[in-house]
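Chemist: Model the structure of this input:
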Amino acid sequence: MWLVIVGILSVQLGAGIAKNLFDDADPTTLVWLRLATSAVILAAIARPALRGRTPDDWRVAVAFGVSLGTMNWAIYQSFARIPLGIAVTIEFLGPLTLAVIGSRRPRDLVWALLAGVGVALLGFEHGELTWAGVGFALLAAAAWAAYILLSASTGRRWPGLDGLAVASVVATVMLTPLLVSVSGRGLGEPHILVAGALVGLLSSVIPYSCEITALRTIRPSVFGILMSLEPAAAALAGIVVVHEFLTASQWLAMACVVVASVGATRSESRLTAPLPD
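Modeler: Prediction:
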């Protein structure tokens, strides 16, 4: 359990640091540096054994890498356009949808309705939302749902951090053409390189290592309950690091999404025997 909480705090601190650098570097540059840093560090630590892998092992690891790269790139594009806490609240619809789909009782759909109320409340804040920012957050939401499923599958097929290391390389390669398309703005600045490496540690190496390890012993439903802290952590990082303060209605919207997620995932987890934490 504590591994997931450490990962949540780390990833949002890294996000806040990255957002403060958007004036000096393109979001794509920072995402690429984040993923490249994690790929190098994880490959050096894990030294993944590549021989003897089945085609299914590779398909899962590559799909995991694609979801990883898409999720990171899309949410950073959203961060560049709307407040941190709001972007993560919208992104959190991905894990929530996963939990609702996994529900087996019609009454659990009330949690989906509550989440919809939360999103509707966000829509009233016209001055702080853009269509592009919301769209990128929704893309990140879909990728996050895929990440949860594929992370569990990768952890079962690849020992230790091997699968995560391979996926990080895949994600870095996937985003390289996008880096070229923005001319790598900021890539030549020493402070951006150092900050990008720090963001890579905080937002990729630490949290993903914690999560993929935790998902070996807890179900995705339990993971989803713990991840309900993510929007609040993002809002806190927005306040402390970026100085983004949310309105009362935005806090209420976030609370609706968090409560909906807890409710949906708790309902699902009651239907199965718990695994040891």
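Chemist: Give me the contact list for stretch 135-154.
Modeler: 60-61, 63-64, 67-68, 70-71, 74-75, 77-78, 81-82, 86-88, 90-95, 97-98, 163-164, 167, 208, 211-212, 215-216, 220, 223-224 (CB atoms under 8 Å, 6 or more residues apart in numbering). Quick note: C-beta positions are derived from backbone N, CA and C, even for glycine.
Chemist: do the same with stretch 223-238
Modeler: 1, 4-5, 8-9, 12-13, 15-16, 83-85, 87-89, 92, 95-96, 98-99, 148, 211, 214-215, 244-246, 251, 254, 257-258, 261-262, 264-266, 269.
Chemist: Apply the buried test to these and list what passes.
Modeler: 4, 8-9, 12-13, 15-16, 83-85, 87-89, 92, 95-96, 98-99, 148, 211, 214-215, 244, 246, 251, 254, 257-258, 261-262, 264-266, 269 (16 or more other CB atoms under 10 Å).
Chemist: Okay, and which of these map to helices?
Modeler: 4, 8-9, 12-13, 15-16, 84-85, 87-89, 95-96, 98-99, 148, 211, 214, 251, 254, 257-258, 261-262, 264-266, 269 (DSSP state H).
Chemist: so who does Ala25 touch?
Modeler: Arg185, Gly186, Leu187, Glu189, Ile192, Gly196.
Chemist: what's near enough to touch the residue nearest to Ala143 when sequence neighbours are not counted?
Modeler: With sequence-adjacent residues excluded and distances taken as CB to CB, 6 or more residues apart in numbering, Ala143 is closest to Met71, at 3.7 Å. The neighbours of Met71, taking CB under 8 Å, 6+ apart as the test, are Ala140, Ala143, Trp144, Ala146, Tyr147.
Chemist: Per-residue pLDDT of the first one, please?
Modeler: Think Ala140. The pLDDT attached to Ala140 in the predicted structure is 97.
Chemist: Could you do the third one as well?
Modeler: We have a pLDDT of 89 for Trp144.
Chemist: What separation is there between the residue lying closest to it once chain neighbours are set aside and Ala63?
Modeler: Excluding the flanking residues, the one nearest Trp144 by CB to CB, 6+ apart is Gly94, at 3.8 Å. Separation of Gly94 from Ala63 (CB to CB, to the nearest Å) stands at 16 Å.
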